[in-house]
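Enquirer: A structural model of the following input is requested.
(chains A and B)
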Amino acid sequence: MTTLLTIIVLIFILVAIWQMVKIFDLAQAKVENSGVATDKDNTINGYLMMGFLAFIYIITIVCFIKWGDLPLLSNSASEHGPGIDNLMIISLVIIFFVQTITQFLLHYFAFKYKGEKGKKALFFADNNKLEFIWTIIPVIVLAGLIIYGLANWINIMGVDDSDDPLVVELYAQQFNWTARYAGDDNTLGKANVRLIDIDRANVLGVDESDPYAEDDVITKELHLPVGKPVLFKMRSQDVLHSAYMPHFRAQMNCVPGMITQFGFTPTVTTEEMRQTPDIVEKVANINKIRAEKSEDLIASGEDALERYEFDYLLLCNKICGKSHYNMQMKIVVETQEEYEAWLKEQKTFKNSLVN
Amino acid sequence: MSAHEDNHAHEAHDDHGHHHKETFVTKYIFSQDHKMIAKQYLVTGTIMGVIGVLMSLMFRMQIAWPEEPNVLFEALLGKWAPDGVMDADIYLALVTIHGTIMVFFVLTAGLSGTFSNLLIPLQIGARDMASGFLNMISYWLFFLSSVIMIISLFVEAGPAAAGWTIYPPLSALPMAQGGSGMGMTLWLVSMAIFIASSLLGSLNYIVTVINLRTKGMSMTRLPLTIWAFFITAIIGVVSFPVLLSAALLLIMDRSFGTSFFLSDIFIQGEVLHYQGGSPVLFEHLFWFLGHPEVYIVILPAMGLVSEIMASNSRKPIFGYRAMIASILAIAFLSTIVWGHHMFISGMNPFLGSVFTFTTLLIAIPSAVKAFNWITTLWKGNLQMNPAMLFSIGFVSTFITGGLTGIILGDSALDINVHDTYFVVAHFHLVMGISALYGMFAGIYHWFPRMFGRMLNKNLGYIHFWITAVCAYGVFFPMHFIGMAGLPRRYYTNSNFPLFDDLANVNVVITMFALIGGVVQLIYLYNFFSSIFFGKKAPQNPWRSTTLEWTAPVEHIHGNWPGEIPHVHRWAYDYSKPGHDVDFVPQNIPLKEGEEELQH
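Expert: Got it, this is the predicted structure:
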């Protein structure tokens, strides 16, 4: 219904504009309208250019005030996260500095030098010094960004075996995720989709004859001990997926036929994250929105929405088919003890098989 | 001087040709005249554009009001919108076909096809393209591919829905997605034909620019439009065949059981036979075209804008040589940056470092171009014609969209914004909206040359200002929902309470999109009514220096009656000291003692 109303309103707006144009045109019929801009057009559009500059600035400021303080921009939950966030903030500052100045020059010149009959433009075709300046400044700025960015990149992508990371497999399929922990030996058993045996509940195609596989643990929730480096080995059984963990500033595609990897160290437990002021505020805001929606739902005889509680998430971020929009897994970051207790409750691969 | 002789050959042919009576079919349908072919490209591109924009409005409404019944869906989507609620499969199909149509059919064929065809012969002083026949074939292949693409929308199992990048295995396996059956087959066939069309066109442009320039038209006297079209055509010839090969290999995988891109797949309870292929290989092949493609889209727009800005500022374009150098630099770099689409694809992280480096280098020639355009305005005498407004708008969105490229091109930052709405905002501003503005600017500027009539300027002003506000209104907030981690291509976000606070942003964006989309009707009305009822155009309405304005308003075969004009100066003698008028056309000889600027 809302959409129908929207469409009707839009059609009316269109008709209104159309009528105004007609009137505008008829009113101008006696004045010369050759289709070429007159001094009056130049003046009007020159002022509009300044108005548009104001519009760009306003929309920038509004966006920043309303949505610029996103928890996702500052509250990273992994060791490498702050590095990315700092680089992001530096890049954003540079961008908005350049954006503000160049948009000003562009629109201000369009206003200042609006045409007048009889005026003559300056014949100014070339200036090597100017061009050198605005070639060399981007070169220097970009060199800095490249060096800083690459230092971050190498730090993130380099896996250091001396850290003795916890090895976890992330297994993607249409349209859900599965995690496989390597168990006490911290070595994943071999696996291949050709070994999948649904009847025996070997859904990941783990090699039963591989001794490393026996103590593997397969779960539908991802639990991570805080402060311990994790190395994810990603697999997919059907199409491309992407394991996106935005709070940890982590993402890697899952590619059928190959194993990809991404490692990070979680630094904030789920409980701690729920207590941070930013998240408290965000959750409160979301629950307010959900409560409002629930009222409408109840009025139309449906169930109310559940209250939202913050959790880390793993999302699929590569188009993978019909239910791509709902391919997620909960991530729980907890203390080492909690993690071990949780892991003990889970069945090992050997015990999970149906004989 | 073979070029010169060639022109004479054309003249002889044309004198002969005048005795023939043209039929409706040879004049309007199977025409070999570059001006008519340009118009055919424009009209076909416009129709495809209407379809592409309509699709975007539909999926924007779904995003803003997820799973709500909508009369528009019920009317347009039929069985894909039971009770007016959009189906998740068709949502992905709409996104896919919108991308395909806008990138290839509107901004490649519609933009480059129209203006390369119209302007190359007219601005370099040639009777027609090097091969009028190939040119005609090129258009009709484009037309055929458009028809096939539209037919694919009506396939039983749905049109292609794997995203415009059609990454396998999703696009290769009909059991992975309904759209990967007949819909994807037709998509691939359509694109293969499109590539053939594009290659024929590009070869023709290259040969024409090299061989058919009129006397005096040296490469450094060419207008920047021609430089842009020329380099664009070269990029197209280098990169489009790679996409063709990728498409052919994908067809092999789909239909003949090969394993180029597929390996170890278990789907719907069975293991498939594929072994040893890699989807990452497809990504490499795709983006080897895919990235240059965005420059194929944006360079012609840059050329048009440079020309229009100079003419309407009544000033020479600032830094003519630097503009050419930056086109060449962008063209070269564009072929070695494709990996920045694949930082997290699983390729070696070292390659990520290399591609970060090459990618951020592109910012340098781009910055030079932006500064040169701004300086072109400085101390000008700006004629605010609609074409000029769109050109200024182009520079504005190109800067806004381009700047975020230094975030996305940086592999470390790309990790967290890859495939989010941040990317959508970035590329829509920098190549979508910008190229569209370039195209509109070109249409407003050269409409008199194409149809002999003027577009209504007041409608043009309204069109520009509302479009400009809506473009920012749609794409600026998108950066922020992207930075909040919202992935693109989600049918609805309602399964993630995490994103509930972004729902109202999506409503705002959709409102701007709807207004912006509806306003294009003003333009369409202006365009089609002006073809028939517009004011008759004078010979040179914008008082420009380039050769196309020396040709008669009425289109004739061979472009100029009598001899082709000779060229004596560069294309940018606006407001040159020592002349009474503020423009000196290229065909006017230097005055005694006048120096040609050693730009």
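Enquirer: Grab the nearest non-local neighbour of residue 197.
Expert: Going with chain A. In space, and not counting its chain neighbours, residue A:197 is closest to residue A:205: 7.9 Å by Cβ to Cβ, 6 or more residues apart in numbering or on different chains. Bear in mind the C-beta positions are built from the backbone N, C-alpha and C, glycine included.
Enquirer: my bad, the chain I had in mind was chain B
Expert: The shortest distance from residue B:197 to any residue that is not its chain neighbour, by Cβ to Cβ, 6+ apart, is 3.5 Å, and that residue is residue B:141.
Enquirer: How many residues are close by that neighbour?
Expert: 21 (other Cβ atoms under 10 Å in any protein chain shown).
Enquirer: Checking the residue most central in space within chain B next. Helix, strand or coil?
Expert: The central residue of chain B, meaning the one whose C-alpha is nearest the mean C-alpha position (Cα atoms, centre = their mean), is residue B:107 at 2.2 Å. At residue B:107 the chain is in helix, as set by DSSP: H, G, I helix; E, B strand; the rest coil.
Enquirer: what's the residue nearest to residue A:197 sitting at in phi/psi?
Expert: Its backbone dihedrals place residue A:205 at phi 70, psi 40, with angles given as degrees, to the nearest 10.
Enquirer: tally of neighbours for it?
Expert: Other residues within reach of residue A:205, judged by other Cβ under 10 Å, total 19.
Enquirer: you'd agree it is up against residue A:191?
Expert: Yes - under the criterion of Cβ atoms under 8 Å, residue A:205 makes contact with residue A:191 at 5.0 Å.
Enquirer: Would you confirm that residue A:290 contacts residue A:296?
Expert: No - between residue A:290 and residue A:296 no contact is recorded; they are 10.9 Å apart, counting by Cβ under 8 Å.
Enquirer: And the two? Which one has more around it.
Expert: Neighbours around residue A:290 and residue A:296, counted as other Cβ under 10 Å, are more numerous at residue A:290. The numbers are 19 against 10.
Enquirer: can you pull the pLDDT of the more buried one?
Expert: According to the predicted model, the pLDDT of residue A:290 comes to 92.
Enquirer: Could you verify that it is part of a strand?
Expert: No - looking at residue A:290 with three-state DSSP, it is helix, so not inside a strand.
Enquirer: How about it, nearest residue that isn't a chain neighbour?
Expert: In space, not counting the residues next to it along the chain, residue A:290 is nearest to residue A:305; the distance is 4.6 Å by Cβ to Cβ, 6+ apart.
Enquirer: Which helix or strand contains that neighbour?
Expert: Using DSSP states H and E, residue A:305 maps to neither a helix nor a strand.
Enquirer: And the helices in the stretch 151-300 of chain A?
Expert: All helices of the stretch 151-300 of chain A, identified by DSSP state H, counting those that start in this stretch, fall at A:270-275, A:277-299.
Enquirer: got it, and the stretch 301-450 of chain B?
Expert: For the stretch 301-450 of chain B, the helices defined by DSSP H, counting those that start in this stretch cover B:320-334, B:349-361, B:363-377, B:386-403, B:405-408, B:411-417, B:421-427, B:434-451.
Enquirer: Nearest to residue A:198 among those helices would be which one?
Expert: Residue A:198 sits nearest to helix B:411-417 of all the helices of the stretch 301-450 of chain B, at 34.6 Å, using Cβ to Cβ.
Enquirer: Which neighbouring elements make contact with that closest one?
Expert: Counting contacts by 3 or more Cβ pairs under 8 Å, 6 or more residues apart in numbering or on different chains; DSSP states H and E, the secondary-structure elements packed against helix B:411-417 are helix A:81-112, helix A:128-157, strand A:250-254, helix B:349-361, helix B:405-408.
Enquirer: does the first one come close to chain B?
Expert: Going back to what we said before, that points to helix A:81-112. Yes - residues of helix A:81-112 contacting chain B under Cβ under 8 Å from any Cβ of the partner chain: A:83-84, A:87-88, A:91-92, A:94-95, A:98-99, A:102-103, A:105-107, A:109-110.
Enquirer: next one: that helix to chain centre, how far?
Expert: Here helix A:81-112 is found 20 Å from its chain centre; the criterion is Cα atoms, centre = their mean, to the nearest Å.
Enquirer: Mind checking the pLDDT average for it?
Expert: The predicted model assigns helix A:81-112 a mean pLDDT of 94.
Enquirer: can you check the shortest one too?
Expert: Across helix B:405-408, the average pLDDT comes to 94.
Enquirer: what's the answer for the second one, then?
Expert: Helix A:128-157 shows a mean pLDDT of 91.
Enquirer: what's the answer for stretch A:5-12, then?
Expert: Taken as a whole, stretch A:5-12 has an average pLDDT of 77.
Enquirer: So for it, what gets flagged as buried?
Expert: Within stretch A:5-12, the residues that qualify as buried by neighbour count (16 or more other Cβ atoms under 10 Å in any protein chain shown) are A:6, A:7, A:10.
Enquirer: Also near chain B: which of these, exactly?
Expert: Of these, the ones that also sit near chain B (Cβ under 8 Å from any Cβ) are A:6, A:7, A:10.
Enquirer: Output the residues you listed in a markdown table; the columns should cover secondary structure.
Expert: Formatted as a markdown table, these follow (three-state DSSP):
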| residue | secondary structure |
| --- | --- |
| A:6 | helix |
| A:7 | helix |
| A:10 | helix |
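Enquirer: where are the low-confidence patches of the chain?
Expert: Looking at chain A here, since you left the chain open. Across chain A, the ranges flagged by pLDDT under 70 are A:1-3, A:24-33, A:69-73.
Enquirer: not quite, I wanted chain B
Expert: Applying pLDDT under 70 to chain B flags residues B:1-21, B:598-599.
Enquirer: quick one: the strands in it?
Expert: B:266-267, B:270-271 (DSSP state E).
Enquirer: The last one pairs with which strands?
Expert: On the basis of DSSP bridges, the sheet neighbours of strand B:270-271 come out as strand B:266-267 (antiparallel).
Enquirer: what residues does the partner strand touch?
Expert: Under the criterion Cβ atoms under 8 Å, 6 or more residues apart in numbering or on different chains, residues A:173, A:174, A:193, A:194, A:196, A:205, A:237, A:238, B:173, B:175, B:176, B:272 lie in contact with strand B:266-267.
Enquirer: what about 10 Å?
Expert: Under the criterion Cβ atoms under 10 Å, 6 or more residues apart in numbering or on different chains, residues A:173-174, A:192-196, A:198, A:203-205, A:236-239, A:256, B:169, B:173, B:175-176, B:272 lie in contact with strand B:266-267.
Enquirer: Could you pull up phi and psi at the closest residue to chain A within the stretch 201-350 of chain B?
Expert: For the stretch 201-350 of chain B, the residue positioned closest to chain A under Cβ to the nearest Cβ is residue B:263, at a distance of 2.9 Å. Its backbone dihedrals place residue B:263 at phi -160, psi 150, with angles given as degrees, to the nearest 10.
Enquirer: which bits of the stretch 51-200 of chain B sit near chain A?
Expert: B:57, B:61-62, B:64-66, B:68-73, B:84, B:87-89, B:91-92, B:95-96, B:161-163, B:165-173, B:175-180 (Cβ under 10 Å from any Cβ of the partner chain).
Enquirer: Among those residues, name the buried ones.
Expert: Once neighbours are counted (16+ other Cβ under 10 Å), the buried part of those comes down to B:57, B:61-62, B:64-66, B:68-70, B:72-73, B:84, B:87-89, B:91-92, B:95-96, B:161-163, B:165-173, B:175-180.
Enquirer: Just list the residues touching residue B:131, thanks.
Expert: Contacts for residue B:131 (Cβ under 10 Å, 6+ apart) come out as B:32, B:137, B:138, B:200, B:203, B:204, B:207, B:208.
Enquirer: ok, residue 279 - how many residues close by?
Expert: The chain I'm using is chain A. The burial count assigned to residue A:279 is 17, neighbours taken as other Cβ under 10 Å.
Enquirer: um, chain B though
Expert: Other residues within reach of residue B:279, judged by other Cβ under 10 Å, total 26.
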